[in-house]
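J.: Sharing a sequence plus its predicted fold:
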Amino acid sequence: MYELLLRTETLLLGLQMSALWAVGIGASVVGLVLWLGGTRYHAAIIGVLGAVVGSAAGLLVGERLGVNPWLSAIVGAAVLGGLSILLRNVLILVLAVLVFSAVGGTGYVAVRLDRAGPPVQPQVGTPEQTQPPSSSQYFTGMEPADRLTYLNDISQQAQTFTQRLKALLANTWEALGPRGWLVVLPLLVGALVGILLVWLVAKVVIALAYSIVGAALILLGAQATLLAAGVPIVSDLASRRWLPAVTFAAMTVAGWVWQLFFAGAKPRREESDRQTDTPD
């Protein structure tokens, strides 16, 4: 997981200070809502997500058809936002399955990168270890400035975030080695596990999915915010590489338990009135 976090940190370092603050604060706020209130506000969350996807799709379609971009974005947001609310139960289940699939794939990539990367630097007085030759550089073996230089090199000095992200993803795939295609297996396993669990205990699994995404966004937001403040937190944790994984796991469990026992869905108005009118 540490190598993957270093790559994320290096990618974020290429952003402007204002963009880092925006990413940090925005991801933290959204993550907090999903982490502690995903199941309580799932209808609104699904509606907003549908509106965002619809506006993006509307912009793409409007650009191809030569329609006013604002009009196409508004229409797309209204259409997909409305459909998302009407089909929220189906979409929630689909998103939960996608989350489990993503967790399986990301976990495989994180473990493969950590195992294939260079060994930990030896302590004073111990024999030196050499890094095995590889066509891909592993960020774990570099200083922060060298990582940024390397990212600039593989992205051919690209200035846009999208181009740099594509270059980093291509480099990450190369770093996985000849067994990189095996990422398909944990993706499928995660999806199958998600389908099975949703079918058996939908409420429990949906709360877990919200907690996973929320915890990940909070940690991403914290990382971006600290970078904006000049603190490369991931690089500073080189001697405690286990801490991010433990923190993520603990936050996921805490958010999951909170949503299951303390942040359930609001009771409907009719049910609340019925309970109020019931005599003792």
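T.: That came through, no problem. Numbering: from 1, shown residues only.

J.: helices or strands next to the helix or strand Ser55 falls within in the packing?
T.: Taking DSSP states H and E as the criterion, Ser55 maps to helix 42-65. Secondary structure elements in contact with helix 42-65, counted by 3 or more C-beta pairs under 8 Å, 6 or more residues apart in numbering; DSSP states H and E, are helix 69-86, helix 88-116. (C-beta placed from N, C-alpha, C; glycine too.)

J.: 10 Å instead?
T.: helix 17-37, helix 69-86, helix 88-116, helix 202-228 (3 or more C-beta pairs under 10 Å, 6 or more residues apart in numbering; DSSP states H and E).

J.: model confidence over stretch 35-46, on average?
T.: Taken as a whole, stretch 35-46 carries a mean pLDDT of 80.

J.: Could you do stretch 235-249 as well?
T.: Stretch 235-249 comes out at a mean pLDDT of 87.

J.: How about residues contacting it?
T.: With contact meaning C-beta atoms under 10 Å, 6 or more residues apart in numbering, stretch 235-249 is reached by 1-6, 9-10, 13, 107, 110, 114, 120-121, 139-140, 142-144, 147, 212, 215-216, 218-219, 222-223, 226-227, 233-234.

J.: I figured Ala209 hits Trp35, correct?
T.: No. Between Ala209 and Trp35 there is no contact, the gap being 11.3 Å when judged by C-beta atoms under 10 Å.

J.: Which residues are in contact with each of the two?
T.: Shared contacts of Ala209 and Trp35 (C-beta under 10 Å, 6+ apart): Trp256.

J.: Need the winner for burial among the helices and strands packed on helix 42-65.
T.: Of all the helices and strands packed on helix 42-65, helix 202-228 has the most neighbours on average by mean count of other C-beta atoms under 10 Å, namely a mean of 21.

J.: Next, the angle from the helix holding Ser55 to helix 202-228.
T.: If you take axes from the mean of the first three to the mean of the last three C-alpha atoms, to 10 degrees, helix 42-65 sits at 60 degrees to helix 202-228.

J.: Show me the shaky parts of the stretch 151-280 of the chain.
T.: By pLDDT under 70, the low-scoring segments of the stretch 151-280 of the chain are 179-180, 198-200, 263-280.

J.: all helices for the stretch 151-280 of the chain, in order.
T.: 161-175, 184-200, 202-228, 233-236, 242-261, 269-277 (DSSP state H, counting those that start in this stretch).
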